[in-house]
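Participant: need a 3D model of the sequence below.
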Amino acid sequence: MSTAPPSLNHPRHLKYWLRNLRTFLPSDYTPTDLNRLTLGFFIVSALDLLGSLHTSTTPEERNQWIDWIYSNQLPDGGFRGSPATQFVTAPNSRWDPANLPATFFAIVALVTLGDDLSRVNRKEILEWLPILQRDDGSFGEWVLEAHEGDEGQICGGRDMRYIYFAAALRWMLRGKEGSGMEDIADWDTGKAVDFIIASQSYDYGIAEMPYHEAHAGMTYCALGALSLLGVLKETAINRDGLLSWLLSRQVAFKNIHGMTEEDYTEIQNGDNEEEKQALEEVELMDDGSGRPKCAGFNGRCNKMPDTCYSFWVGASLEMLKKFHLLNIQANRRFLLEKTQHIIGGFKKLPQPGGYPDILHSYLGLAALSLAREEGLCRLDAALCVSIQTKERLTSLKWWSG
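Facilitator: Coordinates of the predicted model:
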């Protein structure tokens, strides 16, 4: 007896995202209070991918959210991640800095909501970006300005994500031909590219920084930065090795992946040898090809498949024009059968008892969008937003020059 093929439950996903948008988030999100702009980006972008942002919300609501985002813009350039750090008194202003992630998420959320960015302090942001770059080409997250005799300092680790955010902001705010910002000193893109090349590991994946372990999320950030800088094709990374590393991130779903640690330990400590053997079993295609029916992606060697890596790896391959080499149908089954949640959204791991969360729920949709899932809008891999959002940005009069 054949079973129905898996499908995206569009109504439940829509209900999940509208609930996140209009009601209080669960208490588990309390530690993310300083990252409300990030959460806001995922929510409005998910509704955009579902094709429902402008039909399930009103113009008045969208204008209110736009005004809220602008309330987190700082006069010297950039956005704070949350109004929770908004201090009024001047001595505390150094503890309320703009940061790179919040600024990126603010800009893309504004465009997604239909804003023309006319209130964005473009000049100040573009002047701020070079201040965040270190001598080795990496970027920090924010600058702790000098106060009472202290020297200003770049804060945050040497992390590939910050190079990506800087490259994306540069691409979005300078526009196609500079858009009147030609006189603003640019940051050193050559040094940033050199930092990325130096971060390619011995196994050809790309790490957060040189001599660290390769990671699929950092690889995406590196390729996204190179793409937005317009140098992906000519940059001297080992493309064949990188392609092999990315493709090896797809792993067949095994019984062990769908178990809790407690259940796994119980079987391993028991006497039933058949159950122990079944832990490693993989459901293969019925046509005898030996290819798995269900396969997700991990971010590093010897890790479990995780929803978000379907995007980080898939989008990396999309930018390399090699997305077709994936086992697309096996990954679709992994997402729709193993991590899609009954209430909408996606879980991080394909285990029982888990709940959907905002990050994995958005990246699950984004991964399916790359695979042209019915009911989802097309996605731009480098910006991680819908094609219509990117086109809305590039159609702005000042952007196109």
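Participant: mind showing which ranges of the stretch 101-250 of the chain have poor pLDDT?
Facilitator: 145-152, 178-179 (pLDDT under 70).
Participant: can you list the residue ranges for strands in the stretch 51-200 of the chain?
Facilitator: Here the stretch 51-200 of the chain has its strands, by DSSP state E, counting those that start in this stretch, at 142-144, 153-155.
Participant: and stretch 221-229, how far from the chain's centre?
Facilitator: Centroid displacement of stretch 221-229 relative to its chain, using Cα atoms, centre = their mean, to the nearest Å, is 13 Å.
Participant: ok so, going back, for residue 377, which of the strands of the stretch 51-200 of the chain is the nearest?
Facilitator: Ranking the strands of the stretch 51-200 of the chain by proximity to residue 377 (Cβ to Cβ) places strand 142-144 first, at 32.6 Å. (Each C-beta comes from the backbone N, C-alpha and C, glycine too.)
Participant: neighbouring strands - and their directions - for that closest one?
Facilitator: strand 153-155 (antiparallel) (DSSP bridges).
Participant: the strand it pairs with: which residues count as buried?
Facilitator: Of the residues in strand 153-155, residue 154 count as buried by neighbour count, 16 or more other Cβ atoms under 10 Å.
Participant: contacts for that strand?
Facilitator: With contact meaning Cβ atoms under 8 Å, 6 or more residues apart in numbering, strand 153-155 is reached by 131, 132, 134, 139, 140, 141, 142, 143, 144.
Participant: of the residues you listed, which is the most crowded?
Facilitator: Neighbour counts for the contacts of strand 153-155 peak at residue 139, which has 28 neighbours (criterion: other Cβ atoms under 10 Å).
Participant: contacts only, for it.
Facilitator: Counting by Cβ under 8 Å, 6+ apart, residue 139 has contacts 100, 132, 133, 154, 156, 159, 162, 163, 165, 166, 192.
Participant: out of the residues you listed, which is nearest to residue 297?
Facilitator: Nearest member of the contacts of residue 139 to residue 297, counting by Cβ to Cβ, is residue 159, at 21.3 Å.
Participant: distance of the closest one relative to residue 353?
Facilitator: 32 Å (Cβ to Cβ, to the nearest Å).
Participant: quick one, which of these two is more surrounded?
Facilitator: residue 159 (19 against 6).
Participant: mind putting the strands of the stretch 51-200 of the chain into TSV with distance to residue 6?
Facilitator: Shown next, in TSV, are the strands of the stretch 51-200 of the chain (distance: least, Cβ to Cβ, whole Å):
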stretch	distance to residue 6
strand 142-144	42
strand 153-155	44
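Participant: so which of the contacts of residue 139 wins on neighbours?
Facilitator: residue 163 (31 neighbours).
Participant: residue contacts, the residue nearest to it when sequence neighbours are not counted?
Facilitator: Closest residue to residue 163 apart from its sequence neighbours, by Cβ to Cβ, 6 or more residues apart in numbering: residue 225 at 4.9 Å. Residues counted as contacts of residue 225 (Cβ under 8 Å, 6+ apart) are 160, 163, 164, 166, 167, 168, 192, 196.
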